[in-house]
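1. Give me the fold of what follows.
(2 chains)
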Amino acid sequence: MERRQVFALGAAGAAAAGAGFAAGATMASPAEAHDHDAAKPVGFHGEHQAGITTPAQDRLHFAAFDVTTDSRDELIDLLKQWTKAASRMCSGDYAGPGGAVSANVDLPPDDTGEAQGLPASGLTVTVGFGPSLFRDKHGADRFGIAKHRPKLLEDLPGFAGDDIDESISHGDLCVQACANDPQVAVHAVRNLARIGFGKVSMRWSQLGFGRTASTSASQTTPRNLLGFKDGTHNLKSEDSGDVKKYLWIADGDGPGWLIGGSYVVTRKIRMMIEPWDRTMLSEQEQIFGRDKSEGAPLTGTKEFDAPDFTAKDSSGQPAIAANSHVRLAHPSRHKGVRMLRRGYSYVDGSDNLGRLDCGLFFIAYQRDPEKAFISVQDSLSTSDGLNEYIRHTSSGIFACPPGVADDGKDYWGRALFAR
Amino acid sequence: MRKPVLVGTAALAILAMAACTEKPGDTASGGPIAVKATDDSCEVSATKTKAGTVTFKVSNKGTKVTEFYVYGKGDRVMSEVENITPGLTRKLIVELPAGKYQTACKPGMVGDGIRGKFTVTGKSEKLDADANVKQAVKDYEKYVSQQADSLVTKTKEFTDAVKAKKIDKAKELFPVARTYWERIEPVAEKFGDLDPKLDGRADDHPKREKDPQFTGFHRLEYDLWKKKDLSDSAKYAKQLNDGVQEVAKRAKSEKVAPLDLANGAKGLLDEVATMKITGEEDRYSHTDLWDFAANLEGSQAAIAALRPVIDDRDPKLGKQLDDLFSKAKKELAKYAEGDGYRGWDKLSKDDLKKLSDAINALGEPVSKVAGLVSKGK
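-> As a prediction, this is how the structure comes out:
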C-alpha cells in the first residue's frame, strides 16, 4: 500500500520505485518535474547504505538511541524490525503492514499516520553503531560483540575550544533520516522510536534543514547560515576513485562485518551569528578564504578554481590567510585525505538572551576518522579564524554497517551479529 | 491498607520463598490445606492439589494483621482473605482450574507478600471466550469495589486529621488516601461532575490557588505544604470527604464494559507518563511516586483481570506484559523509602528518564489489549 501514488517521469525512477509506480507516466511541466524528483523514492537496498553518497536531501532528523535491553536477541530483533520498517517507509509505504488506520478500531494503528498522502520524498534511513554499543560506560560487553569493535571506533578526543554537552552527544545507535519533506523525515524517526520502546531509549535528536553540502556533482553547493558556500571540495558520488579510497571501509581495514560501511562523525556547531553579522565583509571573506557571493577562493574567480596557497597579496601577506578555513581544512594539508560531508543547518528557536540558537549540524562520512575528521579538526580547533564565531556543542561517532541485501532476511548489522 | 512495597518486606519475602518452595510429595490429601502465617513466614501444608474447589485454612500465628492471597498468572488475584488478626483462623474457598499459582501471606497487609508456588493438576473446564470476558469484568468490579472501600476509610482519616489541624498526620495520610483514588482513577474519573472538584488542579481555575473553586485533594495539599495553614481548610476537608463517599458509592455500582478495563489500564499508564513523571500531579508535596505506584498497580489489576482473555487470544503477550510490569515496578522500587517513596524533586533527570522509558516500554503492548478484547465480539 503506497501512501501516495507518484507518477515517476524517468524510466529509472519507475524501476526503482517498483510496481506501485509503474502506472501511467504523464507529461508534466518543468516545475512539476522538479517536484516529482524530490518526491521519488531512493532505493533502500544495496552494497552500501543509502543516505551517504545518494544526493543530499533538504531535510534531516538525526536521532541517537541508547539500548536499554541487555538481551542480544532483543537487540537483533529490533534491528530486524527497524530494517523492515525503514525499507517500507523509504519506498513510500507505511511503517507497518496495518497502515495508518487499523481494521480493528480498538487498536492503535501500526503507523503513526502523519505521512498519509505524502510520497517517499527521497527518504533515506542510515544506521550506525556507537562505541558504547560494544562496551558500555562501565566496560560491560552486554551483547557479546566487544571483540568485533573496530579499533577506529572510539569516542572522539577533546579538541581545543570544545563545549560538549554530554546529554546531546554519543549514543549506542544512530539513525539519520533525510528526506525532501521534513514531515517524512520526522515520521521515520518517530515510528522507529515507537518500535524501539522497551529496547532502546532516545538519547537526543536533531532536526536540520537546508542541506549544507552537495554529495553529487548535479547539486549546487549550498550556503551555511554564515552566508558562505562551504564544502565546495566535498567528496561526491561521481569521484569514484576517491569514494573508494576515502569513504568505504575495505577488506583489511578492520573487522570484516564493516566492509562496505563507513564511519560517521557528527558535531553540533553553534554559530554566534549576531557578532558575525556585524563583521565587515573583507574579514568574513578572509576567515573563510573565499569570496561571499561566488564562493571562489580569494586567489581565483570561480567556485571550483583551485586555491593557490602560495599567492601573496599586494602587501606581501598570503592572499589566503594562514588561519583561513579553506587553508586549514584543505585536503592538501591532510595528506590528501577527504571526507564526505552531509550536514544541515539548524535553528532551535532562540536562547534566553534572545540570540538565534542556530548553526550547523555537521555530518561527515569517512573510511578513517583519524586521518580525516580528527586530523582536520585538530588544525581547525587551534587556528581557525572562525572559532571566534562557533562552538562545538555535541559530538558523536558511529560505525555504519554496509547496506542491506534485498533478500527479505538481511538486516542492519547482520554480519556483526552472525559472528 | 496496602502500602507500596517495603524494602524490608521484600527482602524477607525472598528468604521466606526459599523456605516455602515446593517439596515433592506435598500433595493435598483432601480436606482443607492449612496455612500457618507468622510475621516472617507463610507455611502452606501442601503445594499441589487437584483442580476444583480448594479450601485453605489460614491461621495467623504472628503479631501483625495479615492477608492471604492466591495469585494466577500475571498476579491475577484468584481469591483473597483479608484482615486476619493475630490468633484468628479464617477459611478461603476458591475454584482453581489446573495451572501454576502463587500463594502469599501479607503480614502487616503490605507489599507483595511472602510468596510460595502452588500447582493445580488434573482436568479443568476451560471457560469459553465470552465467559472469560464476563469473568474479567466481574473480577475487576470486585477490585474497584475493594479499593473504593479503602478509599472511603483512608480519605476520612486524612480529612479528619485536616479538620483537627494535625498537619504532620495529615501530610502522612495524604499520599495514602490518594493511592486508592489513583488505582481506580479510570472509574472515578467517569463521574465528570465530581472529578474536577476532588482531583482538580490550581491551573484548572482562572485564579489558580486563590480561586474558591480550587477544591479537593490538591487544595488540601496546597494548604498543607505551601500555605502551611489549615485555618481555612475544614470546609474543603468536609467537601472532599463527602465527594469521595459519593464517588465510592457510584463506582461500586458502576457497570464497567470489557473495553473499559483495557482502556483504563492504558489510561493509567498515560497518567504516569504525562502527570507523574513530570511532577505536575503533586506539585506541592512531591508525592508523585506514590501516585505513580498506584497507577501502575491499578493498570496491572485491570490487565490481570483480563489475563485469561489475553492468553486465549495472543499467547505471547501475557508473558511480555508480566516482564514489563515487573521491570517498571523494579525501576520504581529503587526509590522506595520508609512506607512510601522518595519525593519527586529528589530524583535526577536521569532517574526520571529511566522511569519514563519503563512506562513507554509497557505502554506499547498494553495499548494492544483493547484490540484483543474487542476481537472476539
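
2. Please identify the residues of the stretch 201-350 of chain B in proximity to chain A?
-> Taking CB under 8 Å from any CB of the partner chain, the part of the stretch 201-350 of chain B that reaches chain A is made up of B:259, B:262, B:324. Any C-beta I mention is one placed from the backbone N, CA and C, and that applies to glycine too.

3. 7 Å - rerun?
-> Residues of the stretch 201-350 of chain B lying close to chain A (CB under 7 Å from any CB of the partner chain) are B:259, B:324.

4. Give me the contact list for stretch B:230-246.
-> Outside of stretch B:230-246, the residues within contact range by CB atoms under 7 Å, 6 or more residues apart in numbering or on different chains are B:151-152, B:155-156, B:159, B:162-163, B:165, B:167, B:194, B:197-198, B:215-217, B:219-220, B:223.

5. And what about residue B:101, helix, strand or coil?
-> The local conformation at residue B:101, judged by DSSP: H, G, I helix; E, B strand; the rest coil, is strand.

6. Might one say that it is in contact with residue B:121?
-> No. In terms of CB atoms under 7 Å, residue B:101 does not count as a neighbour of residue B:121; the distance is 11.5 Å.

7. neighbour-wise, which of these two wins?
-> Comparing residue B:101 with residue B:121 by neighbour count (other CB atoms under 10 Å in any protein chain shown), the higher total belongs to residue B:101, at 23 against 12.

8. what's the nearest residue to the more buried one once chain neighbours are set aside sitting at in phi/psi?
-> What sits nearest to residue B:101 in space, not counting adjacent residues and going by CB to CB, 6 or more residues apart in numbering or on different chains, is residue B:118, at 4.3 Å. The phi and psi torsions at residue B:118 (degrees, to the nearest 10) take the values phi -150, psi 130.

9. mind listing what residue B:118 touches?
-> With CB under 7 Å, 6+ apart as the criterion, the residues that contact residue B:118 are B:44, B:47, B:70, B:101, B:102, B:103.

10. The fifth one: neighbouring residues, count only.
-> Residue B:102 is surrounded by 19 other residues when neighbours are defined as other CB under 10 Å.

11. And for the one 4 residues further on?
-> Residue B:106: 25 surrounding residues under other CB under 10 Å.

12. just checking, it touches residue B:84?
-> No. The criterion here is CB under 7 Å, and residue B:106 misses it with residue B:84 at 9.6 Å.

13. Any chance of the backbone angles for residue A:206?
-> Given degrees, to the nearest 10, the pair of backbone angles that residue A:206 has is phi -140, psi 130.

14. same check, this time on the one 4 residues further on
-> Its backbone dihedrals place residue A:210 at phi 60, psi 80, with angles given as degrees, to the nearest 10.

15. Who are the contact partners of it?
-> A:58, A:222, A:344, A:345.

16. Considering these, which is situated nearest to chain B?
-> Distance to chain B, by CB to the nearest CB, is smallest for residue A:344 among those, at 26.1 Å.

17. Could you check how many residues crowd around that closest one?
-> Should you count by other CB under 10 Å, residue A:344 turns out to have 27 residues around it.

18. Find me the pLDDT at it, would you?
-> What the model reports for residue A:344 is a pLDDT of 97.

19. Next up, the contacts around the closest residue to it other than its chain neighbours.
-> Using CB to CB, 6+ apart and skipping the chain neighbours, the partner closest in space to residue A:344 is residue A:208 (2.6 Å). Listed by CB under 7 Å, 6+ apart, the contact set of residue A:208 reads A:59, A:60, A:62, A:344, A:345, A:346, A:361.

20. Wondering if stretch A:55-72 reaches chain B at all.
-> Yes. For stretch A:55-72, a contact with chain B is found by CB under 7 Å from any CB, at residue A:68.

21. Pull the distance from that stretch to the chain's centre.
-> 11 Å (CA atoms, centre = their mean, to the nearest Å).

22. Check stretch B:196-209 too.
-> 27 Å.

23. go on, stretch A:241-260?
-> Chain-centre distance of stretch A:241-260: 18 Å, with CA atoms, centre = their mean.

24. quick one: secondary structure of residue B:272?
-> helix.

25. Kindly apply the preceding question to residue A:84 instead.
-> Assignment for residue A:84 (three-state DSSP): helix.

26. Check which helix or strand residue B:170 maps to.
-> helix B:167-183 (DSSP states H and E).

27. neighbours around the residue in the stretch 301-419 of chain A that chain B sits nearest to, how many?
-> Proximity of the stretch 301-419 of chain A to chain B (CB to the nearest CB) peaks at residue A:394, 16.9 Å away. By other CB under 10 Å, 22 other residues sit near residue A:394.
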